[in-house]
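[1] requesting a structural model of the entry that follows:
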Amino acid sequence: MSGKNEDKQKKKITSRQVVALAGVILLAALYLVTLAVAIFDQDSSGKLFQACLVGTIAIPLLIWVYIWMYGKLRGKHTMADLDLGGKSQEQSTTDNRPQ
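    I've put the predicted structure just below:
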C-alpha cells in the first residue's frame, strides 16, 4: 500500500496544470471583485463589468492557445488539438484527394 501513496506524492505538476489553475484563480478573483464593486455601487462598476465579460472570453482562450502551442512545440497531442472525427490531420488530408 505504501507504494501507491509514494506514487501519488511523486506526481509531477505540469506547466499546463499551473496555467489552468492560475486561469481559474484569476477568473474567480475577477468575478469576486466585480461583485464587490457592484454591491458597494462604485462609479467604476460598469467598466469593471465590461472587463469581466472580456476576461471571461479572453482568459480561457489564452489558456487554450498556450496548451495548443505547448503541444505543437513539444510534438505532443494535447486536449487543445482539434479532433477531425477521430482522424489525424494527415489522414484527413489524404482521404479528401480526388481519385
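[2] give me the low-pLDDT residue ranges for the protein?
    1-9, 79-80, 82-99 (pLDDT under 70).
[3] residue boundaries of the helices in it?
    Remark: helices assigned in the chain by DSSP state H are 2-9, 15-39, 45-74, 89-95.
[4] and the residue nearest the centre of the chain?
    By CA atoms, centre = their mean, the chain has its centre lying nearest to Ile63, at 3.6 Å.
[5] is it correct that that residue is in contact with Ala20?
    Yes: taking contacts as CB atoms under 8 Å, Ile63 lies within contact range of Ala20: 6.1 Å. Just so you know, the C-beta spots here come from the backbone N, C-alpha and C atoms, and that holds for glycine as well.
[6] so what's Ile59 up against?
    Contacts for Ile59 (CB atoms under 8 Å, 6 or more residues apart in numbering) come out as Gly23, Leu26, Leu27.
[7] how about the nearest residue to it, chain neighbours excluded?
    Of all residues not flanking Ile59 in the chain, Gly23 sits nearest, at 5.2 Å (CB to CB, 6 or more residues apart in numbering).
[8] wait, isn't the one you found in contact with Pro60?
    Yes: using CB under 8 Å, Gly23 is in contact with Pro60, at 6.6 Å.
[9] more crowded one of those two?
    Neighbour comparison, Gly23 and Pro60: the larger count goes to Gly23, with 17 against 14 (by other CB atoms under 10 Å).
[10] fine by me, thanks again.
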